[in-house]
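Asks: I would like to see how this sequence folds:
(2 chains)
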Amino acid sequence: MLVNEKIAIEHGLKAEEYKKICNLLKRTPNMTELGIFSAMWNEHCSYKSSRLHLKKLPTKGKKVIQGPGENAGVIDIEDGDAIVFKIESHNHPSFIEPYQGAATGVGGIMRDVFTMGARPIANLNSIHFGSPQHKKTKNLLRGVVHGIGGYGNCMGVPTIAGQTSFDSSYNGNILVNAMTLGLVKKNKIFYSKATGLNKPVIYVGSKTGRDGIHGASMASASFDDKIEEKKPTVQVGDPFTEKLLLEACLELMAGDSIIAIQDMGAAGLTSSSIEMASKGNLGIEINLNNVPCREAKMTPYEIMLSESQERMLIVLENGKEELAKKIFDKWNLDFAIIGKTTSSKHIELFFDDKQVANIPVDTLVENSPMYDRKWKKSKLPKKNKIKKESLSNLKIKDVLKKILSNPNICNKEWIWQQYDHTVMGDTIQKPGGDSGVVRVHGTDKAIAASVDSSAVYCWAHPLTGGKQVVAESWRNLISVGATPIAITNCLNFGSPENEDNMGEFVECVQGIGEASKYLNFPVVSGNVSFYNQTKEVGIKPTPSIGGVGLLKDYKKMITMDFKEIGNLALIIGKTEGHVDQSLFARTILDEKNGPPPEVNLFNEKNNGESLLELIEKGYIKSAHDISLGGIITAISKMCIKGNKGIQLKKSKNLLNEIEYLFSEDQGRYIIEISPKNLKVVTKILDKNSVHHEELGIIIEKEVIINKKTIVTIDELKSYNTNWLNNFMSS
Amino acid sequence: MKSSVITFPGSNCDRDMDVALNKFGFKNKMIWHNDIELPKCDLVVLPGGFSYGDYLRCGSMASKSKIMHSVINFAKSGGLVLGICNGFQILVEAGLVPGVLLRNKYLEFICKNVFVKIDNKENTYFKNLDKSIFEFHIAHNEGNYFCTDDQLKEIEDNNQVAIYYCNENGQIEEKFNPNGSIKNIAGIFNKEKNVLGMMPHPERMIDTSLSGEDGSIFFKNLINNIK
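Replies: As a prediction, the model looks like this:
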């Protein structure tokens, strides 16, 4: 078939992009070449709308070994150890086929991590669904959770933390973001840069089938009514093969045979081969007849665009072919020498002794389009004046019941019990805490990780929202006693071709950048998912932040459950009564306007570092950051987990009691200390100019809020645990 | 005391088991599924995981793997063979313990702590245990133990039920059954009680920082009984 502009447009390219391709090649591309361009130049692979803005993120730091641009980011955790980590979206496929979409999302991110030589040690995920009332929500949730579990459980990697939210803006576009952390020795990290001429290019793993063709292009477009027809673009996962691939790759990596390695993720063989050549400033020659195929008569076009899973491309040292083949034979995986590196700086493909494609590598990568899209700045909304009458009619207990049973607050055990979170025998903080924590096997160290997003804040004011998510990630790590090191981000937005959506993206990124710079919490990896949009309606802007921190001594880890009757609870950070955009305002007052709580980065840093100091000195018995749902929600969770109550002190704060308990001011934590340490703890906080107040004393099974309001722990538990179980079994 | 842990290609609790056995004094060796001979040892463990992907019935392909001939012979000659989780499924498929393991009743993978009762103590695994109620960890999708009425009668007559799901007070009732197993069965012996298959993972509970420490009691007791 001859290529023309119409066919190019059907491949998701714009008319001017097609013109650019013809100019770069100085001829019309053939079908295979057009397929390759469309795969490399789509939004998902080329970052054409986001590159310009992502460049502004802080990506360097003392602990950063590898920032963005590789398969995953790498940070130093001392003693020659390093952590490789990244978060990635699999939103579009998960909506079309929730089980396989989510499963292959998990598989893809684990491959990114072990491609770099690291053994995966923890998985996390951030998943977002439409309104619980929407007819698709329940099945999508069930399918996604089964898919994440199905893949991660089989791989034997614990899923240690996550986040789930419901919002009607995800009705037509759910979000599935998967994150993996891996452990590697600093001197055994593998990269994707090919070096040397005439080096064998090896294909290993599963055979290539017709699944997932145009997957990356599908993920670079909005949804319409015919989205169900896109099912064939969703890949099918085989976690057992991935487990074999993991073990085989790590076995080969123990030696010195590999020059470069790259997994075949989005755009399969196309992007993996081109990326390796591009980074090494080399050419690559592939004989497509040598690619192991699952189906008969696959064309070069199909082979290059297939997104079959569990495949890797390796550039080997000469003479190591036999040794490598032996390892892959042992693990029953395909092993094929499919090409070699060349000096041509072209990608040259051969099939049935004919050249079927010949494209200069730089045209696909460096010369790929980059757009400075139009975007609209958002104004900070005006504060709402909340009428005192509307608060005085409310009963605290009723409000608390509604908040604790809200889908976005309620206990998510139904979800995480389906994930193996204890395999590998190092999980010391399970899901449901502020961060998941795993020990670095065989050492005293542990790694804490958390994944967060606050779409409502980002929607109300992207710049503040972007800052807030980073701050929340930082707080979640500190709450378990970890020193925050770096983050990975998954930026989920609507169409970049819409000025409002693009504005949300630009300003969220700016907010993320400001906070991560101030907190010395650099971005080392990430991914952008645009076009989370059905027809004209986009999702609320949802950047997910995956934070990683280090505990030098895992025995000093903190959990949130109240520990001992008679101990005191203190609040670190100031409560100003910011109710706009809080869960309370949205669900109880039905007030959707107003600004999100302000993020004061100085206070965040100061409060967090002071808490770390207290933890280091051994004064903290339990800690929990205050976020969605305010002080009383945080207390409730600490009580439920510790099976203990608290008698609240009458606050000296002049705020209305409801504002005090449910407002969502930032930079706050609740800590538990022994009464004998009150003086020394307050002295340290005063010395550091950290605002603090006494909240109450830990008692047996009741939360005494004031004389009139007493809630038992059993009541709290029933408010908090029933919603999701009932929803899934109804 | 020497132990051997069999690694199938999709095993994923083999390392955890190796760590646990070594911690409590076993000299453990990892044995590849394609090997033919078992080394001389006092205990063989089939670990948890997804042996060959388990796309067919769990454990069925593993039960036919090369090393299993030796494992079966070892068991038949009275050697101790312990199958945990997927290892239990393999034992069932190999016919070393009776019954089958079906998909969990609620069709969902379950990963959590449960209480179990062990009062069948006239065997090498459990003799000398000074308590009967343990908190163990389970993580499985197919742990729903089932057998025919005739088999059940035989199992009970021979005192082959090793472990029951219960609550913290040791009550064995349906509401404390996490996966729908017949009679709350969590573990089964062969007639001779040298082969034990169980769904719970004692190897995940071997220090206070993990889900609990009852696994330590299990392993310490086991090695003392073998000595």
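
Asks: my guess is residue A:606 meets residue A:691, correct?
Replies: No. With contact defined as C-beta atoms under 8 Å, residue A:606 does not reach residue A:691; the gap is 9.6 Å. C-beta coordinates here come from the backbone N, C-alpha and C atoms, glycine included.

Asks: Tell me what the residue nearest the centre of chain A is bridged to.
Replies: For chain A, the residue nearest the mean C-alpha position is residue A:87 (3.8 Å; C-alpha atoms, centre = their mean). Beta-bridge partners for residue A:87, by DSSP bridges, are residue A:179.

Asks: what's the neighbour count on the residue of the stretch 101-250 of chain A found nearest chain B?
Replies: For the stretch 101-250 of chain A and chain B, the shortest gap (C-beta to the nearest C-beta) falls at residue A:156, measuring 2.4 Å. Other residues near residue A:156 come to 23 when the count uses other C-beta atoms under 10 Å in any protein chain shown.

Asks: One more: residue A:672?
Replies: Quick note: residue A:672 (other C-beta under 10 Å) scores 26 neighbours.

Asks: Could you pull up the residues touching it?
Replies: Going by C-beta atoms under 8 Å, 6 or more residues apart in numbering or on different chains, residue A:672 touches A:562-564, A:567-570, A:620-623, A:638, A:698.

Asks: Got the confidence number for the nearest residue to residue A:424 once chain neighbours are set aside?
Replies: Closest residue in space to residue A:424, ignoring its immediate chain neighbours: residue A:158 at 5.6 Å, by C-beta to C-beta, 6 or more residues apart in numbering or on different chains. The model reports residue A:158 with a pLDDT of 98.

Asks: ok, back up a step: from the contacts of residue A:672, which land in helices?
Replies: Among the contacts of residue A:672, the members found in helices (DSSP state H) are residue A:638.

Asks: can you give me phi and psi for the residue of the stretch 501-650 of chain A found nearest chain B?
Replies: Going by C-beta to the nearest C-beta, chain B is nearest to residue A:554 of the stretch 501-650 of chain A, at 6.6 Å. Backbone torsions of residue A:554, given as degrees, to the nearest 10, read phi -70, psi -20.

Asks: cool, residue A:610 as well?
Replies: phi -70, psi -40.

Asks: close enough to count as contact, residue B:139 and residue B:205?
Replies: No. Here residue B:139 lies out of contact with residue B:205, judged by C-beta under 8 Å, at a distance of 11.7 Å.

Asks: And residue A:343, its phi and psi?
Replies: Per degrees, to the nearest 10, the backbone of residue A:343 is at phi -90, psi 0.

Asks: Skipping its backbone neighbours, what lies nearest it in space?
Replies: residue A:197 is the one closest to residue A:343 (C-beta to C-beta, 6+ apart), at 5.6 Å.

Asks: For that neighbour, give me its contacts.
Replies: So residue A:197 contacts A:282, A:341-343 (C-beta under 8 Å, 6+ apart).

Asks: again, but for residue B:161
Replies: B:120, B:155, B:183, B:185, B:187-189.

Asks: do the same with residue A:593
Replies: By C-beta under 8 Å, 6+ apart, the neighbours of residue A:593 are A:381, A:384, A:460, A:580.

Asks: how does it look with 7 Å?
Replies: Taking C-beta atoms under 7 Å, 6 or more residues apart in numbering or on different chains, we find residue A:593 in contact with A:381, A:384.

Asks: swap in the one 4 residues further on?
Replies: Residue A:597 is in contact with A:578, A:664-666, counting by C-beta under 7 Å, 6+ apart.

Asks: Grab the nearest non-local neighbour of it.
Replies: Nearest to residue A:597 is residue A:578, by C-beta to C-beta, 6+ apart, at 4.2 Å.

Asks: May I see the buried residues of the helix or strand harbouring residue A:680?
Replies: Under the criterion DSSP states H and E, the helix or strand holding residue A:680 is helix A:678-687. Neighbour counts using 16 or more other C-beta atoms under 10 Å in any protein chain shown place A:681-682, A:684-685 of helix A:678-687 among the buried residues.

Asks: what's the neighbour count on residue A:475?
Replies: When neighbours are counted by other C-beta under 10 Å, residue A:475 comes out with 29.

Asks: ok, now residue B:27?
Replies: Quick note: residue B:27 (other C-beta under 10 Å) scores 12 neighbours.

Asks: returning to what we had before: is the residue nearest to the centre of chain A in contact with residue A:545, as I believe?
Replies: No. Applying C-beta atoms under 7 Å, one finds residue A:87 not in contact with residue A:545, separated by 8.3 Å.

Asks: Overlap of the contact sets of those two?
Replies: Common neighbours of residue A:87 and residue A:545 (C-beta under 7 Å, 6+ apart) are A:451, A:489.

Asks: you'd agree residue A:174 is up against residue A:134?
Replies: No. Residue A:174 is beyond contact range of residue A:134, at 10.2 Å (criterion: C-beta under 7 Å).

Asks: neighbour count winner among those two?
Replies: residue A:174 (25 against 15).

Asks: Mind jotting down where the helices sit in chain B?
Replies: Using DSSP H, helices in chain B cover B:14-23, B:66-76, B:86-93, B:149-157, B:214-226.

Asks: What is the burial count for the residue of chain B found nearest chain A?
Replies: Proximity to chain A, evaluated over chain B using C-beta to the nearest C-beta, is greatest for residue B:12 at 2.4 Å. Other residues near residue B:12 come to 25 when the count uses other C-beta under 10 Å.

Asks: interface residues of the stretch 401-550 of chain A facing chain B?
Replies: A:417-425, A:428 (C-beta under 7 Å from any C-beta of the partner chain).

Asks: Could you export those residues to TSV, including columns for neighbour count, secondary structure and distance to residue A:672?
Replies: TSV is the format used below for those (neighbours: other C-beta atoms under 10 Å in any protein chain shown; DSSP: H, G, I helix; E, B strand; the rest coil; distance: C-beta to C-beta, whole Å):
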residue	neighbour count	secondary structure	distance to residue A:672
A:417	20	coil	27
A:418	22	coil	31
A:419	29	coil	29
A:420	30	coil	31
A:421	29	coil	25
A:422	27	coil	26
A:423	27	coil	31
A:424	24	coil	30
A:425	24	coil	28
A:428	23	strand	19
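
Asks: now these in JSON lines, with pLDDT?
Replies: Below are those laid out as JSON lines (pLDDT from 0 to 100):
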{"residue": "A:417", "pLDDT": "97"}
{"residue": "A:418", "pLDDT": "98"}
{"residue": "A:419", "pLDDT": "98"}
{"residue": "A:420", "pLDDT": "98"}
{"residue": "A:421", "pLDDT": "98"}
{"residue": "A:422", "pLDDT": "97"}
{"residue": "A:423", "pLDDT": "98"}
{"residue": "A:424", "pLDDT": "97"}
{"residue": "A:425", "pLDDT": "96"}
{"residue": "A:428", "pLDDT": "97"}
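
Asks: Just the buried residues out of the contacts of residue B:161, in PyMOL syntax.
Replies: Buried residues among the contacts of residue B:161 (16+ other C-beta under 10 Å), as a PyMOL selection:
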select buried, chain B and resi 120+155+183+185+187+188+189
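
Asks: Among the contacts of residue B:161, which lie within strands?
Replies: B:185, B:187-189 (DSSP state E).

Asks: who does the helix holding residue A:680 touch, helix- and strand-wise?
Replies: helix A:601-616 (3 or more C-beta pairs under 7 Å, 6 or more residues apart in numbering or on different chains; DSSP states H and E).

Asks: remind me which residues of chain B are low pLDDT?
Replies: Within chain B, no stretch has pLDDT under 70.

Asks: need the residues of it near chain A, please.
Replies: B:9-10, B:12-13, B:16, B:19, B:49-50, B:53, B:108-112, B:137, B:139, B:203-204, B:209-211.

Asks: Among those residues, name the buried ones.
Replies: By 16+ other C-beta under 10 Å, those give B:9-10, B:12-13, B:16, B:19, B:49-50, B:53, B:108-111, B:137, B:139, B:203-204, B:209-211 as buried.

Asks: All good on my end, thank you.
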